[in-house]
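K.L.:
Sequence and predicted model, in that order:
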Amino acid sequence: MSPSKLSGGNPTGGNPSVGKPSAGTSKVADPFADWQPLVKPFTQPSALRASWQLTNTLLPYFGIWVAIVFLAPISWWLCMPLCLVNGALLVRAFILFHDCGHQSFFKARWANTLWGMLTGVLSFTPYHQWHGQHRTHHGTSGNLDRRGVGDFWTMTVREYHTSPRWRRICYRIARNPLVLLLVAPLVMFAFEQRIAKPKATRMEQLSVWYTNIALGGVIVGMGFAMGFLAFLVMQLVVLAVAGALGIWLFYLQHQFEGVYWQRNREWDYAAAALAGSSYLRLPRPLQWLTGNIGFHHIHHLNARIPNYRLEECHDSHPMFRDVPTLDMMAAVRSFGLKLWDEAGERLVCFREARRLHDSFA
């Protein structure tokens, strides 16, 4: 879909979960500009559906941990398949955590905060600090002049070729799929999230401390229950699986062929949502495990739509279906895209970026 058919500004109603468009946001008249009434009916949370999601996610997750506690003294190898399953369930728990931070999961703020904090501890992520950054991501996604918060490090072709050699090497390492999927998740969830950000608010700093204290209690309790080394190994496996799946999903949400990026003066909120966020078409079991987050274009259009209503909204209007759609093969190809070509308005691989640089040198 052409970005010119996707303009319309930020959602009305002062939604704190999405950023405000810049002063330079373009205004293009078209029949799809007034999209807000189309999504509003899907922003109503359901306590029943939210409670059922918590039940069918957390009960199996804790039940599997109980089985691991009993199996660990017999053989760690018996525990590994269960750790893999719990890693996948932790991805789903993180989506519930994510919805709570957008105040979309339950209607009551206290319920979102309570369950967001609890699922945040399970996913080793401080609730208030993570969502402070994530709200910035929603207001800047697809904006070339406002990169760097809550997104993947993405350079333009020109920036890459004018950078010092050490910076180009660091960029290549950071964008390597093995680093992205195996190293980065463990560093992020096990270490980075344990530290308050330099510009964190008081509440965000407190969220880091209470998460760390709660995790300390979990480690001590589980250590006495099954042995400290056994628990740390099992927990790292769970985190590694969940982190790899989570990073894979987040990467594909904004890094794909045909993605939308614009400079601040041309950036448009609705275009960034519908053309800059993907629809990842997954098999039903994977869609369930990932909490419908594959309908990411709908989520970015209005973050107050709970995950259990994203598909309904997607199916409700042709505008929401005429968006960049990724299947599993397109998802694999997306990992080869590394740099943004401003002239061609597309992501390119390193080889293509080199050819473009040589042609203009």
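P.N.:
That came in fine, so what should we check first? Worth saying up front: this structure is predicted, and the values here are computed from it rather than measured. Numbering: from 1, shown residues only.
K.L.:
Spatially nearest residue to Phe320 (excluding sequence neighbours)?
P.N.:
His314 (5.0 Å; Cβ to Cβ, 6 or more residues apart in numbering). All C-beta spots, glycine's among them, are computed from the backbone N, C-alpha and C.
K.L.:
That neighbour contacts Gly294, correct?
P.N.:
No. Taking contacts as Cβ atoms under 8 Å, His314 lies outside contact range of Gly294: 9.5 Å.
K.L.:
more neighbours, those two?
P.N.:
Per other Cβ atoms under 10 Å, whichever of His314 and Gly294 has more neighbours is Gly294, with 24 against 21.
K.L.:
State the number of residues packed around the spatially closest residue to that one that is not a sequence neighbour.
P.N.:
What sits nearest to Gly294 in space, not counting adjacent residues and going by Cβ to Cβ, 6+ apart, is Leu280, at 3.6 Å. By the criterion of other Cβ under 10 Å, Leu280 has 26 neighbours.
K.L.:
same question, Gln253
P.N.:
24.
K.L.:
ok, now the one 3 residues further on?
P.N.:
The burial count assigned to Phe256 is 22, neighbours taken as other Cβ under 10 Å.
K.L.:
wait, doesn't it sit right on Phe335?
P.N.:
No. Judged on Cβ under 8 Å, Phe256 makes no contact with Phe335 at a distance of 10.0 Å.
K.L.:
shared neighbours of His314 and Gly294, which are they?
P.N.:
Tyr279 (Cβ atoms under 8 Å, 6 or more residues apart in numbering).
K.L.:
Can you give me every residue that contacts the spatially most central residue of the chain?
P.N.:
Centroid-nearest residue in the chain: Phe250, 4.2 Å away (criterion: Cα atoms, centre = their mean). Residues in contact with Phe250 (Cβ under 8 Å, 6+ apart) are Phe152.
K.L.:
do the same with the one 3 residues further on
P.N.:
By Cβ under 8 Å, 6+ apart, Gln253 lies in contact with 277-278, 280, 293, 296.
K.L.:
Narrow the residues you listed to just the buried residues.
P.N.:
For the contacts of Gln253, a neighbour count by 16 or more other Cβ atoms under 10 Å gives the buried set as 277-278, 280, 293, 296.
K.L.:
quick one: Ala270 and Leu301 touch, right?
P.N.:
Yes. Applying Cβ under 8 Å, one finds Ala270 in contact with Leu301, separated by 6.7 Å.
K.L.:
Restricted to helices, list the buried ones among the contacts of Gln253.
P.N.:
Counting by DSSP state H, those place His296 in helices.
K.L.:
which one of the buried ones among the contacts of Gln253 is nearest Met329?
P.N.:
Minimum distance to Met329 across these is 12.0 Å, recorded for Leu280 (Cβ to Cβ).
K.L.:
List the buried residues of the helix or strand containing Phe250.
P.N.:
According to DSSP states H and E, Phe250 maps onto helix 228-254. Of the residues in helix 228-254, those buried by neighbour count under the rule 16+ other Cβ under 10 Å are 230-231, 233-235, 237-254.
K.L.:
secondary structure element for His137?
P.N.:
With DSSP H and E as the test, His137 turns up in helix 127-140.
K.L.:
got the contact list for that helix?
P.N.:
The contact list for helix 127-140 (Cβ under 8 Å, 6+ apart) reads 16-21, 97-98, 100-102, 113, 116-117, 120, 146-147, 149-151, 193, 196-197, 200-201, 203-208, 211, 300, 303.
K.L.:
how distant is it from the center of its chain?
P.N.:
Helix 127-140 sits 10 Å away from the centroid of its parent chain (Cα atoms, centre = their mean, to the nearest Å).
K.L.:
Make residue 1 into 44 and carry on from there
P.N.:
Renumbered: residue one is now 44, and that last one reads helix 170-183.
K.L.:
now the angle from that helix to helix 271-297?
P.N.:
Interaxial angle of helix 170-183 relative to helix 271-297 (axes from the mean of the first three to the mean of the last three Cα atoms, to 10 degrees): 20 degrees.
K.L.:
quick check: mean pLDDT across helix 170-183?
P.N.:
Model confidence over helix 170-183, given as mean pLDDT, is 90.
K.L.:
Using PDB, write out the CA atom coordinates for it.
P.N.:
Listed next in PDB are the C-alpha coordinates belonging to helix 170-183 (Å, rounded to 0.1, in the frame of the first residue of the first chain):
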ATOM      1  CA  TYR A 170       7.700  -3.200  34.000                       C
ATOM      2  CA  HIS A 171       7.900   0.600  34.200                       C
ATOM      3  CA  GLN A 172      11.300   1.100  32.600                       C
ATOM      4  CA  TRP A 173      10.700  -1.100  29.700                       C
ATOM      5  CA  HIS A 174       7.400   0.500  28.800                       C
ATOM      6  CA  GLY A 175       8.800   4.000  29.200                       C
ATOM      7  CA  GLN A 176      11.200   3.100  26.300                       C
ATOM      8  CA  HIS A 177       8.500   1.200  24.400                       C
ATOM      9  CA  ARG A 178       6.200   4.200  24.300                       C
ATOM     10  CA  THR A 179       8.900   6.200  22.700                       C
ATOM     11  CA  HIS A 180       9.300   3.400  20.100                       C
ATOM     12  CA  HIS A 181       5.600   3.700  19.200                       C
ATOM     13  CA  GLY A 182       6.000   7.400  18.600                       C
ATOM     14  CA  THR A 183       9.200   7.200  16.500                       C
END
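K.L.:
Quick check: pLDDT value at Leu399.
P.N.:
Reported pLDDT for Leu399: 79.
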